[in-house]
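Trainee: A structural model of the following input is requested.
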Amino acid sequence: MFISPEAVAQIAIGLIHGHVILYGPPGTGKTSLVRVLAKLFRTNIPQIWTANPEWTTFDVIGGLSPAIIGGKEVIMGKLGEVTGDMVRCIENIKNYDEK
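Mentor: Down below sits the predicted model:
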């Protein structure tokens, strides 16, 4: 798969200035592009998620979920995939700034 250096540069600039959303039909190279960008920014990708129409708001953003802690049932907040990735990104930036 060929990814043009111009496309990588444009997306990298977009990431530096804000956010980028990659969209398109399956097999167009979105995941390959993300892997190239991760190397460019010297970061790793712990897991790649592919959204689908069956995802709910809970899957994307998160919400409250029952859990058992110390034998007691409690309600806890759970991050969705997007919010969880945002939190990890912020933690990576903080850790990088502290070095």
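
Trainee: Report back the residue of the protein that's furthest from centre.
Mentor: Largest separation from the mean C-alpha position in the chain: residue 71, at 33.0 Å (C-alpha atoms, centre = their mean).

Trainee: Pull the residues that contact the worst-scoring helix or strand of the chain on mean pLDDT.
Mentor: When each helix and strand of the chain is scored by mean pLDDT, DSSP states H and E, helix 81-98 comes last, with a mean of 80. Contact partners of helix 81-98, identified using C-beta atoms under 8 Å, 6 or more residues apart in numbering, comprise 43, 46, 49, 51, 59, 60, 61, 62, 79. The way it works is simple: take the backbone N, C-alpha and C, and place the C-beta from them, glycine included.

Trainee: In helices, which of those fall?
Mentor: 59, 60 (DSSP state H).

Trainee: By pLDDT, rank the contacts of helix 81-98 and give me the bottom one.
Mentor: Least confident by pLDDT among the contacts of helix 81-98: that is residue 46, with 73.

Trainee: if we can go back for a sec, out of the contacts of helix 81-98, which are buried?
Mentor: Buried members of those, scored by 16 or more other C-beta atoms under 10 Å, are residue 62.

Trainee: Enumerate every residue touching the residue lying closest to residue 51 once chain neighbours are set aside.
Mentor: Among residues not flanking residue 51 along the chain, residue 60 sits closest, at 7.3 Å (C-beta to C-beta, 6 or more residues apart in numbering). By C-beta under 8 Å, 6+ apart, residue 60 lies in contact with 51, 80, 81, 82, 83.

Trainee: domain assignment for this structure?
Mentor: 1-48, 52-99 (automatic domain parsing).

Trainee: of all the ones you listed, which has the lowest average per-residue confidence?
Mentor: domain 1-48 (a mean of 82).

Trainee: Can you give the distance of it from its chain's centre?
Mentor: Mean C-alpha position of domain 1-48 versus that of the full chain (C-alpha atoms, centre = their mean, to the nearest Å) differs by 12 Å.

Trainee: just stretch 53-65 next, same as before
Mentor: The answer for stretch 53-65 is 14 Å, by C-alpha atoms, centre = their mean.
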